[in-house]
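Undergrad: only geometry, no sequence info:
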(Lines give C-alpha, C1' and ligand atoms only; values in the text may rest on other atoms or scores of the structure.)
Protein backbone atom coordinates (compact mmCIF):
# COMPACT_ATOMS: atom_id res chain seq x y z
CA UNK A 1 0.00 0.00 0.00
CA UNK A 2 2.73 2.44 0.99
CA UNK A 3 4.82 1.75 -2.10
CA UNK A 4 1.80 2.13 -4.36
CA UNK A 5 0.81 5.48 -2.85
CA UNK A 6 4.34 6.86 -3.08
CA UNK A 7 4.46 5.76 -6.72
CA UNK A 8 1.05 7.31 -7.30
CA UNK A 9 2.22 10.72 -6.05
CA UNK A 10 5.55 10.51 -7.90
CA UNK A 11 3.89 9.79 -11.24
CA UNK A 12 0.66 11.75 -10.72
CA UNK A 13 1.21 13.83 -13.86
CA UNK A 14 1.18 10.70 -16.01
CA UNK A 15 -2.30 9.67 -14.82
CA UNK A 16 -5.64 11.24 -15.73
CA UNK A 17 -6.49 14.25 -13.60
CA UNK A 18 -10.12 13.14 -13.48
CA UNK A 19 -12.18 10.46 -15.12
CA UNK A 20 -15.74 9.39 -14.56
CA UNK A 21 -16.03 6.31 -12.38
CA UNK A 22 -17.52 3.37 -14.31
CA UNK A 23 -20.56 1.51 -13.10
CA UNK A 24 -18.41 -1.37 -11.91
CA UNK A 25 -16.44 0.85 -9.56
CA UNK A 26 -19.58 2.31 -8.04
CA UNK A 27 -21.12 -1.14 -7.69
CA UNK A 28 -18.26 -2.13 -5.39
CA UNK A 29 -19.73 0.25 -2.81
CA UNK A 30 -23.34 -0.92 -3.02
CA UNK A 31 -22.76 -4.22 -1.28
CA UNK A 32 -24.56 -5.54 1.78
CA UNK A 33 -23.25 -5.49 5.33
CA UNK A 34 -19.80 -7.15 5.49
CA UNK A 35 -20.61 -9.42 8.42
CA UNK A 36 -18.00 -12.09 7.73
CA UNK A 37 -15.10 -9.84 6.77
CA UNK A 38 -12.36 -10.85 4.35
CA UNK A 39 -8.66 -10.57 3.49
CA UNK A 40 -6.98 -7.17 3.68
CA UNK A 41 -5.48 -7.76 0.22
CA UNK A 42 -8.94 -8.03 -1.29
CA UNK A 43 -10.10 -4.82 0.38
CA UNK A 44 -7.00 -3.05 -0.85
CA UNK A 45 -7.62 -4.35 -4.34
CA UNK A 46 -11.04 -2.71 -4.35
CA UNK A 47 -9.48 0.60 -3.27
CA UNK A 48 -6.70 0.34 -5.85
CA UNK A 49 -9.02 -0.51 -8.72
CA UNK A 50 -12.28 1.27 -7.85
CA UNK A 51 -11.27 4.33 -5.80
CA UNK A 52 -7.73 5.49 -6.54
CA UNK A 53 -8.16 6.10 -10.29
CA UNK A 54 -11.34 8.14 -9.79
CA UNK A 55 -10.48 10.87 -7.32
CA UNK A 56 -11.20 14.60 -7.42
CA UNK A 57 -7.84 15.31 -9.04
CA UNK A 58 -6.39 17.96 -6.71
CA UNK A 59 -3.07 16.11 -6.48
CA UNK A 60 -2.61 16.53 -10.26
CA UNK A 61 -0.56 19.52 -11.53
CA UNK A 62 -3.34 20.44 -13.97
CA UNK A 63 -5.88 20.93 -11.19
CA UNK A 64 -6.69 24.66 -11.14
CA UNK A 65 -10.41 24.89 -10.54
CA UNK A 66 -10.81 25.15 -6.82
CA UNK A 67 -8.48 26.28 -4.03
CA UNK A 68 -7.20 22.91 -2.88
CA UNK A 69 -3.66 21.91 -2.01
CA UNK A 70 -1.89 19.02 -3.69
CA UNK A 71 -0.53 17.29 -0.59
CA UNK A 72 2.94 15.79 -0.20
CA UNK A 73 4.51 12.44 0.58
CA UNK A 74 5.76 13.93 3.86
CA UNK A 75 2.22 14.78 4.88
CA UNK A 76 0.99 11.34 3.84
CA UNK A 77 3.60 9.62 6.00
CA UNK A 78 2.80 11.89 8.94
CA UNK A 79 -0.88 11.03 8.57
CA UNK A 80 0.06 7.36 8.81
CA UNK A 81 1.95 8.03 12.03
CA UNK A 82 -0.97 9.98 13.45
CA UNK A 83 -3.34 7.12 12.61
CA UNK A 84 -1.09 4.64 14.37
CA UNK A 85 -0.74 6.94 17.39
CA UNK A 86 -4.55 7.29 17.32
CA UNK A 87 -4.74 10.20 19.76
CA UNK A 88 -8.05 11.76 20.69
CA UNK A 89 -7.08 15.42 20.78
CA UNK A 90 -10.04 16.69 22.74
CA UNK A 91 -8.46 16.83 26.17
CA UNK A 92 -6.29 15.20 28.86
CA UNK A 93 -2.53 15.33 29.26
CA UNK A 94 -0.58 13.90 26.31
CA UNK A 95 2.01 15.09 23.81
CA UNK A 96 -0.33 15.53 20.85
CA UNK A 97 -1.52 18.72 22.54
CA UNK A 98 2.05 19.99 22.82
CA UNK A 99 2.40 19.63 19.05
CA UNK A 100 -0.83 21.59 18.48
CA UNK A 101 0.30 24.27 20.92
CA UNK A 102 3.56 24.56 19.01
CA UNK A 103 1.68 25.25 15.79
CA UNK A 104 -0.41 27.87 17.61
CA UNK A 105 2.72 29.62 18.88
CA UNK A 106 4.27 29.59 15.40
CA UNK A 107 1.12 31.02 13.82
CA UNK A 108 0.82 33.71 16.49
CA UNK A 109 4.39 34.75 15.70
CA UNK A 110 3.82 34.63 11.94
CA UNK A 111 0.70 36.81 12.08
CA UNK A 112 1.89 39.17 14.81
CA UNK A 113 -0.62 38.09 17.46
CA UNK A 114 0.09 38.74 21.18
CA UNK A 115 1.11 36.27 23.89
CA UNK A 116 -2.55 35.92 24.91
CA UNK A 117 -3.38 34.29 21.58
CA UNK A 118 -4.77 30.78 21.35
CA UNK A 119 -6.03 28.62 18.54
CA UNK A 120 -6.93 25.14 17.44
CA UNK A 121 -7.24 22.86 14.43
CA UNK A 122 -10.62 22.34 12.78
CA UNK A 123 -11.83 20.67 9.61
CA UNK A 124 -11.38 23.88 7.64
CA UNK A 125 -11.88 27.62 7.49
CA UNK A 126 -15.65 27.15 7.20
CA UNK A 127 -15.69 25.83 10.76
CA UNK A 128 -13.15 28.45 11.85
CA UNK A 129 -15.37 31.22 10.49
CA UNK A 130 -18.36 29.70 12.30
CA UNK A 131 -16.47 29.67 15.60
CA UNK A 132 -15.49 33.30 15.05
CA UNK A 133 -19.17 34.24 14.77
CA UNK A 134 -19.90 32.41 18.04
CA UNK A 135 -16.99 34.12 19.77
CA UNK A 136 -18.09 37.52 18.51
CA UNK A 137 -21.62 36.81 19.72
CA UNK A 138 -20.38 36.05 23.24
CA UNK A 139 -18.15 39.13 23.23
CA UNK A 140 -21.15 41.26 22.31
CA UNK A 141 -23.76 39.78 24.67
CA UNK A 142 -21.68 38.08 27.36
CA UNK A 143 -21.33 34.39 28.29
CA UNK A 144 -24.98 34.26 29.40
CA UNK A 145 -25.98 34.14 25.73
CA UNK A 146 -24.93 30.48 25.79
CA UNK A 147 -27.84 29.66 28.08
CA UNK A 148 -30.37 32.40 27.37
CA UNK A 149 -29.86 32.88 23.64
CA UNK A 150 -29.77 36.23 21.90
CA UNK A 151 -33.24 37.22 23.12
CA UNK A 152 -34.33 40.42 21.49
CA UNK A 153 -30.85 41.60 20.57
CA UNK A 154 -30.77 42.55 16.89
CA UNK A 155 -27.20 41.52 16.11
CA UNK A 156 -25.85 42.52 12.70
CA UNK A 157 -22.55 41.72 11.00
CA UNK A 158 -20.74 43.14 7.97
CA UNK A 159 -18.69 41.61 5.17
CA UNK A 160 -17.80 42.02 1.53
CA UNK A 161 -20.33 40.99 -1.09
CA UNK A 162 -17.55 38.63 -2.22
CA UNK A 163 -17.28 36.93 1.19
CA UNK A 164 -17.16 33.13 1.17
CA UNK A 165 -20.53 31.41 1.38
CA UNK A 166 -19.62 29.78 4.68
CA UNK A 167 -19.98 33.16 6.46
CA UNK A 168 -23.72 33.62 5.83
CA UNK A 169 -24.11 29.95 6.66
CA UNK A 170 -22.26 30.55 9.94
CA UNK A 171 -24.73 33.30 10.77
CA UNK A 172 -27.55 30.84 10.14
CA UNK A 173 -25.97 28.11 12.27
CA UNK A 174 -25.35 30.60 15.09
CA UNK A 175 -29.08 31.33 15.21
CA UNK A 176 -28.63 34.94 14.14
CA UNK A 177 -29.72 34.47 10.54
CA UNK A 178 -28.06 35.33 7.26
CA UNK A 179 -30.38 38.31 6.82
CA UNK A 180 -28.38 39.93 9.64
CA UNK A 181 -25.21 39.80 7.53
CA UNK A 182 -24.84 43.03 5.58
CA UNK A 183 -23.08 42.32 2.29
CA UNK A 184 -21.25 45.49 1.33
CA UNK A 185 -20.39 46.28 -2.34
CA UNK A 186 -16.84 45.94 -3.62
CA UNK A 187 -14.68 48.19 -5.77
CA UNK A 188 -13.29 47.40 -9.21
CA UNK A 189 -10.47 45.39 -7.62
CA UNK A 190 -12.89 43.23 -5.64
CA UNK A 191 -12.16 44.86 -2.24
CA UNK A 192 -14.94 45.84 0.13
CA UNK A 193 -16.02 49.49 0.16
CA UNK A 194 -15.04 50.49 3.70
CA UNK A 195 -16.82 53.85 3.54
CA UNK A 196 -20.06 52.15 2.51
CA UNK A 197 -19.63 49.69 5.39
CA UNK A 198 -19.21 52.56 7.87
CA UNK A 199 -22.38 54.20 6.57
CA UNK A 200 -24.32 50.94 6.94
CA UNK A 201 -23.08 50.47 10.52
CA UNK A 202 -24.24 53.98 11.41
CA UNK A 203 -27.62 53.39 9.76
CA UNK A 204 -28.15 50.08 11.58
CA UNK A 205 -27.29 51.64 14.92
CA UNK A 206 -29.73 54.45 14.28
CA UNK A 207 -32.40 51.85 13.52
CA UNK A 208 -31.82 50.09 16.85
CA UNK A 209 -29.69 47.16 15.64
CA UNK A 210 -26.49 46.07 17.37
CA UNK A 211 -23.39 45.71 15.16
CA UNK A 212 -21.16 42.98 16.59
CA UNK A 213 -18.85 41.68 13.85
CA UNK A 214 -16.86 42.78 10.80
CA UNK A 215 -15.45 40.06 8.54
CA UNK A 216 -12.54 41.01 6.30
CA UNK A 217 -11.37 38.78 3.49
CA UNK A 218 -7.72 38.07 2.69
CA UNK A 219 -8.20 36.50 -0.72
CA UNK A 220 -11.74 36.31 -2.08
CA UNK A 221 -12.67 32.95 -3.49
CA UNK A 222 -13.74 34.39 -6.85
CA UNK A 223 -10.71 36.54 -7.70
CA UNK A 224 -8.22 36.47 -4.81
CA UNK A 225 -8.85 40.12 -3.85
CA UNK A 226 -7.66 41.27 -0.42
CA UNK A 227 -9.73 43.78 1.54
CA UNK A 228 -8.08 46.85 3.10
CA UNK A 229 -7.56 45.12 6.44
CA UNK A 230 -6.00 48.15 8.13
CA UNK A 231 -9.02 50.28 7.27
CA UNK A 232 -11.38 47.55 8.46
CA UNK A 233 -9.44 47.25 11.72
CA UNK A 234 -9.83 51.00 12.23
CA UNK A 235 -13.54 50.76 11.55
CA UNK A 236 -13.99 47.80 13.90
CA UNK A 237 -12.15 49.62 16.69
CA UNK A 238 -14.26 52.74 16.22
CA UNK A 239 -17.47 50.71 16.14
CA UNK A 240 -16.47 48.52 19.09
CA UNK A 241 -17.06 45.24 17.24
CA UNK A 242 -15.13 42.00 16.78
CA UNK A 243 -12.84 42.06 13.74
CA UNK A 244 -12.42 38.68 12.08
CA UNK A 245 -10.42 37.91 8.92
CA UNK A 246 -11.18 34.99 6.62
CA UNK A 247 -7.72 34.22 5.26
CA UNK A 248 -8.49 30.74 3.95
CA UNK A 249 -7.26 31.54 0.46
CA UNK A 250 -4.60 34.20 0.91
CA UNK A 251 -3.37 34.24 4.49
CA UNK A 252 -0.08 32.52 3.78
CA UNK A 253 0.86 35.21 1.28
CA UNK A 254 2.43 36.66 4.43
CA UNK A 255 5.34 34.27 3.76
CA UNK A 256 6.17 36.02 0.46
CA UNK A 257 8.05 39.32 0.92
CA UNK A 258 6.55 40.89 -2.22
CA UNK A 259 3.01 39.87 -1.24
CA UNK A 260 3.03 40.36 2.53
CA UNK A 261 2.30 44.13 2.32
CA UNK A 262 -1.09 43.31 0.76
CA UNK A 263 -2.07 41.78 4.10
CA UNK A 264 -1.17 44.87 6.11
CA UNK A 265 -3.48 45.05 9.10
CA UNK A 266 -3.97 41.31 9.52
CA UNK A 267 -2.09 41.45 12.82
CA UNK A 268 -4.86 43.68 14.16
CA UNK A 269 -7.56 41.04 13.70
CA UNK A 270 -9.34 39.68 16.76
CA UNK A 271 -9.53 36.28 15.08
CA UNK A 272 -8.21 34.70 11.93
CA UNK A 273 -9.31 31.66 9.90
CA UNK A 274 -7.00 29.86 7.48
CA UNK A 275 -6.24 26.44 6.02
CA UNK A 276 -3.00 24.52 6.01
CA UNK A 277 -4.50 22.17 3.40
CA UNK A 278 -4.50 24.85 0.72
CA UNK A 279 -1.29 26.76 -0.05
CA UNK A 280 0.71 24.93 2.63
CA UNK A 281 -0.01 21.56 0.95
CA UNK A 282 -0.88 19.70 4.17
CA UNK A 283 -3.16 16.72 3.39
CA UNK A 284 -6.84 17.23 4.10
CA UNK A 285 -8.11 18.31 6.46
CA UNK A 286 -6.23 20.96 8.44
CA UNK A 287 -8.12 24.19 9.06
CA UNK A 288 -7.19 26.57 11.86
CA UNK A 289 -8.65 29.33 14.02
CA UNK A 290 -6.26 31.81 15.63
CA UNK A 291 -7.75 34.07 18.32
CA UNK A 292 -6.16 37.19 19.80
CA UNK A 293 -7.24 36.25 23.33
CA UNK A 294 -7.78 32.64 24.33
CA UNK A 295 -10.06 33.80 27.13
CA UNK A 296 -12.68 34.64 24.49
CA UNK A 297 -12.60 31.04 23.29
CA UNK A 298 -12.95 29.65 26.81
CA UNK A 299 -15.89 31.96 27.52
CA UNK A 300 -17.55 30.65 24.37
CA UNK A 301 -16.90 26.91 24.65
CA UNK A 302 -15.66 25.74 28.07
CA UNK A 303 -18.15 23.68 30.09
CA UNK A 304 -18.06 22.03 33.52
CA UNK A 305 -19.09 18.40 33.11
CA UNK A 306 -18.52 15.56 35.57
CA UNK A 307 -17.08 13.16 33.02
CA UNK A 308 -14.44 15.75 32.03
CA UNK A 309 -13.27 16.51 35.57
CA UNK A 310 -9.64 17.56 35.87
CA UNK A 311 -6.84 16.44 38.16
CA UNK A 312 -3.56 17.96 39.31
CA UNK A 313 -1.56 15.03 37.90
CA UNK A 314 -2.09 11.94 35.79
CA UNK A 315 -3.87 11.54 32.48
CA UNK A 316 -6.71 13.83 33.57
CA UNK A 317 -4.20 16.63 34.18
CA UNK A 318 -2.86 19.20 31.77
CA UNK A 319 -3.56 22.92 31.62
CA UNK A 320 -4.89 23.04 28.02
CA UNK A 321 -7.80 20.94 26.83
CA UNK A 322 -8.98 21.72 23.29
CA UNK A 323 -12.60 21.08 24.27
CA UNK A 324 -12.35 24.26 26.37
CA UNK A 325 -11.50 26.44 23.35
CA UNK A 326 -13.61 24.79 20.66
CA UNK A 327 -16.71 22.63 20.18
CA UNK A 328 -15.16 19.20 19.56
CA UNK A 329 -14.27 16.57 22.12
CA UNK A 330 -13.44 13.88 19.57
CA UNK A 331 -10.64 15.30 17.43
CA UNK A 332 -7.94 13.76 15.26
CA UNK A 333 -4.22 14.59 15.43
CA UNK A 334 -4.22 17.16 12.59
CA UNK A 335 -1.28 19.00 14.12
CA UNK A 336 1.21 16.20 13.38
CA UNK A 337 1.04 16.34 9.57
CA UNK A 338 1.19 20.12 9.80
CA UNK A 339 4.22 20.00 12.10
CA UNK A 340 5.99 17.56 9.77
CA UNK A 341 5.24 19.76 6.75
CA UNK A 342 6.48 22.97 8.37
CA UNK A 343 9.59 21.45 9.94
CA UNK A 344 10.56 19.40 6.88
CA UNK A 345 10.17 22.08 4.21
CA UNK A 346 10.54 25.23 6.30
CA UNK A 347 8.51 28.41 5.97
CA UNK A 348 11.04 30.04 3.64
CA UNK A 349 10.78 27.23 1.10
CA UNK A 350 7.02 27.09 1.42
CA UNK A 351 6.92 30.83 0.88
CA UNK A 352 8.93 30.47 -2.32
CA UNK A 353 6.47 27.86 -3.52
CA UNK A 354 3.56 30.20 -2.80
CA UNK A 355 5.33 32.99 -4.66
CA UNK A 356 5.81 30.66 -7.60
CA UNK A 357 2.09 29.90 -7.82
CA UNK A 358 1.38 33.64 -7.93
CA UNK A 359 4.03 34.05 -10.62
CA UNK A 360 2.30 31.34 -12.65
CA UNK A 361 -1.01 33.19 -12.22
CA UNK A 362 0.67 36.36 -13.50
CA UNK A 363 1.98 34.36 -16.47
CA UNK A 364 -1.52 33.13 -17.25
CA UNK A 365 -2.96 36.65 -16.97
CA UNK A 366 -0.28 37.97 -19.34
CA UNK A 367 -0.94 35.18 -21.84
CA UNK A 368 -4.68 35.92 -21.75
CA UNK A 369 -4.14 39.67 -22.11
CA UNK A 370 -1.90 39.12 -25.14
CA UNK A 371 -4.38 36.82 -26.90
CA UNK A 372 -7.09 38.66 -28.94
CA UNK A 373 -9.44 35.69 -28.65
CA UNK A 374 -9.39 35.79 -24.85
CA UNK A 375 -10.20 38.44 -22.26
CA UNK A 376 -9.59 38.81 -18.53
CA UNK A 377 -12.81 38.87 -16.53
CA UNK A 378 -11.36 40.40 -13.32
CA UNK A 379 -8.16 41.85 -11.93
CA UNK A 380 -5.68 39.26 -10.65
CA UNK A 381 -5.28 39.56 -6.89
CA UNK A 382 -2.97 36.70 -5.88
CA UNK A 383 -3.12 33.29 -7.56
CA UNK A 384 -6.58 33.33 -9.17
CA UNK A 385 -7.17 34.23 -12.82
CA UNK A 386 -10.66 34.63 -14.28
CA UNK A 387 -11.05 34.90 -18.04
CA UNK A 388 -13.30 33.93 -20.93
CA UNK A 389 -13.31 33.87 -24.74
CA UNK A 390 -13.64 37.42 -25.99
CA UNK A 391 -16.74 36.52 -28.03
CA UNK A 392 -18.45 34.71 -25.14
CA UNK A 393 -21.36 37.10 -24.59
CA UNK A 394 -23.16 35.19 -21.83
CA UNK A 395 -20.53 32.78 -20.51
CA UNK A 396 -22.07 29.62 -21.89
CA UNK A 397 -19.03 28.96 -24.09
CA UNK A 398 -16.77 29.25 -21.05
CA UNK A 399 -18.83 26.63 -19.25
CA UNK A 400 -18.71 24.26 -22.22
CA UNK A 401 -14.94 24.67 -22.49
CA UNK A 402 -14.46 23.82 -18.82
CA UNK A 403 -16.65 20.73 -19.09
CA UNK A 404 -14.66 19.58 -22.13
CA UNK A 405 -11.36 20.10 -20.31
CA UNK A 406 -12.56 18.03 -17.37
CA UNK A 407 -13.57 15.21 -19.69
CA UNK A 408 -10.17 15.25 -21.38
CA UNK A 409 -8.55 14.63 -17.99
CA UNK A 410 -5.43 16.81 -18.15
CA UNK A 411 -6.60 20.22 -16.90
CA UNK A 412 -9.37 21.26 -14.53
CA UNK A 413 -10.21 24.94 -14.14
CA UNK A 414 -13.65 25.77 -12.76
CA UNK A 415 -16.45 28.16 -13.65
CA UNK A 416 -17.55 31.19 -11.67
CA UNK A 417 -19.93 34.08 -12.26
CA UNK A 418 -18.67 37.66 -12.54
CA UNK A 419 -20.77 40.64 -13.53
CA UNK A 420 -23.65 38.32 -14.32
CA UNK A 421 -21.65 36.19 -16.76
CA UNK A 422 -19.86 32.88 -16.39
CA UNK A 423 -16.09 32.86 -16.67
CA UNK A 424 -13.27 30.33 -16.57
CA UNK A 425 -11.53 30.43 -13.19
CA UNK A 426 -8.00 29.10 -12.69
CA UNK A 427 -6.67 28.98 -9.13
CA UNK A 428 -2.99 28.06 -9.08
CA UNK A 429 -2.40 26.28 -5.75
CA UNK A 430 -0.69 22.96 -6.49
CA UNK A 431 3.08 22.94 -5.96
CA UNK A 432 3.40 20.52 -8.89
CA UNK A 433 1.99 22.99 -11.44
CA UNK A 434 4.52 24.41 -13.90
CA UNK A 435 4.70 27.02 -16.65
CA UNK A 436 4.09 24.24 -19.17
CA UNK A 437 0.72 23.55 -17.54
CA UNK A 438 -0.19 27.23 -17.81
CA UNK A 439 0.75 27.34 -21.46
CA UNK A 440 -1.20 24.17 -22.15
CA UNK A 441 -4.29 25.66 -20.49
CA UNK A 442 -4.17 28.65 -22.82
CA UNK A 443 -3.60 26.46 -25.86
CA UNK A 444 -6.39 24.05 -24.95
CA UNK A 445 -8.89 26.82 -24.23
CA UNK A 446 -8.13 28.36 -27.61
CA UNK A 447 -8.47 24.97 -29.30
CA UNK A 448 -11.83 24.34 -27.68
CA UNK A 449 -12.98 27.91 -28.30
CA UNK A 450 -12.64 27.19 -31.98
CA UNK A 451 -13.98 23.64 -31.89
CA UNK A 452 -17.03 24.40 -29.74
CA UNK A 453 -17.91 27.72 -31.35
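TA: Done, it's in. Note that the structure is a prediction, hence the values are computed from the model and not measured.
Undergrad: ranges for the strands of the stretch 301-450 of the chain?
TA: Secondary structure of the stretch 301-450 of the chain (DSSP state E, counting those that start in this stretch): strands located at 374-376, 384-389, 414-418, 421-427.
Undergrad: per-residue confidence averaged over the longest one?
TA: In this model, strand 421-427 has a mean pLDDT of 97.
Undergrad: If we go by neighbour counts, what in that strand is buried?
TA: 422, 423, 424, 425, 426, 427 (16 or more other CB atoms under 10 Å). For glycine as for every other residue, the C-beta is placed from the backbone atoms N, C-alpha and C.
Undergrad: my read: the last one touches residue 386, true?
TA: No - the pair formed by residue 427 and residue 386 falls short of the contact definition of CB atoms under 8 Å, at 9.5 Å.
Undergrad: which residues in the stretch 1-150 of the chain form strands?
TA: 118-122.
Undergrad: that older thread, closest one to residue 277 among the strands of the stretch 301-450 of the chain?
TA: strand 421-427 (13.9 Å; CB to CB).
Undergrad: Quick check: residue 282 vs residue 103, distance?
TA: Note on residue 282: its distance to residue 103, by CB to CB, to the nearest Å, is 10 Å.
Undergrad: shared neighbours of the two, anything?
TA: residue 338 (CB atoms under 8 Å, 6 or more residues apart in numbering).
Undergrad: Of these two, which one has the most company?
TA: residue 282 (26 against 22; other CB atoms under 10 Å).
Undergrad: pLDDT score assigned to the more buried one?
TA: pLDDT recorded at residue 282 is 98.
Undergrad: isn't there a helix covering it?
TA: No - looking at residue 282 with DSSP: H, G, I helix; E, B strand; the rest coil, it is coil, so not inside a helix.
Undergrad: how close does the nearest residue to it once chain neighbours are set aside get to residue 334?
TA: Spatial nearest neighbour of residue 282, excluding adjacent residues (CB to CB, 6 or more residues apart in numbering): residue 276 at 4.0 Å. Residue 276 sits 8 Å away from residue 334, going by CB to CB.
Undergrad: if I look at these two, which residues touch both of them?
TA: residue 286.
Undergrad: can you redo the strands of the stretch 301-450 of the chain as CSV with distance to residue 168?
TA: Formatted as CSV, the strands of the stretch 301-450 of the chain follow (distance: least, CB to CB, whole Å):
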stretch, distance to residue 168
strand 374-376, 28
strand 384-389, 21
strand 414-418, 17
strand 421-427, 21
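Undergrad: Can you check which of those gets nearest to residue 114?
TA: Ranking these by their distance to residue 114 (criterion: CB to CB) puts strand 384-389 first, at 31.7 Å.
Undergrad: How is this protein divided into domains?
TA: Under the assignment automatic domain parsing, the domains of the chain span 2-57, 81-345, 352-452.
Undergrad: The last one: end-to-end distance?
TA: Domain 352-452 has its terminal residues 38 Å apart, counting by CA to CA, to the nearest Å.
Undergrad: Find the residue closest to the residue nearest the centre of the chain in space, skipping its chain neighbours.
TA: Per CA atoms, centre = their mean, the C-alpha nearest to the average position across the chain is that of residue 248, at 3.8 Å. Nearest residue to residue 248 in three dimensions, chain neighbours excluded: residue 125, at 3.4 Å (CB to CB, 6+ apart).
Undergrad: Let me see the ranges of the helices in the stretch 151-300 of the chain.
TA: Secondary structure of the stretch 151-300 of the chain by DSSP state H, counting those that start in this stretch: the helices cover 166-173, 194-206, 229-239, 294-301.
Undergrad: Other residues contacting the longest one?
TA: Right, helix 194-206. With CB under 8 Å, 6+ apart as the test, helix 194-206 has contacts from 156, 158, 182, 184-185, 211, 214, 227-228, 231-232, 235, 239.
Undergrad: returning to what we had before: roughly how far apart are the residue nearest to the centre of the chain and residue 170?
TA: Distance, residue 248 to residue 170, using CB to CB: 13 Å.
Undergrad: next one: residue 21
TA: Here the distance between residue 21 and residue 170 works out to 33 Å (CB to CB).
Undergrad: More neighbours: which of the two?
TA: Shown here are residue 21 and residue 170; by other CB under 10 Å, residue 170 has more neighbours (26 against 15).
Undergrad: so what's the more buried one scoring on pLDDT?
TA: 98.
Undergrad: Now for the closest residue to residue 106 other than its chain neighbours, how many residues are close by?
TA: Leaving aside its chain neighbours, residue 106 sits nearest to residue 342 (7.0 Å; criterion: CB to CB, 6+ apart). Other residues near residue 342 number 18, with proximity taken as other CB under 10 Å.
Undergrad: i'd like the first residue to be 670 from this point on
TA: Sure thing, new numbering starts at 670, so read that last one as residue 1011.
Undergrad: Need the per-residue pLDDT for residue 1011.
TA: 98.
Undergrad: what sits against it?
TA: Contact analysis of residue 1011 by CB under 8 Å, 6+ apart lists 772, 775, 949, 1019.
Undergrad: Dump those residues into a markdown table; add distance to residue 989 as well.
TA: Formatted as a markdown table, these follow (distance: CB to CB, whole Å):
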| residue | distance to residue 989 |
| --- | --- |
| 772 | 13 |
| 775 | 16 |
| 949 | 23 |
| 1019 | 27 |
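Undergrad: Separate out the buried members of those.
TA: 772, 949, 1019.
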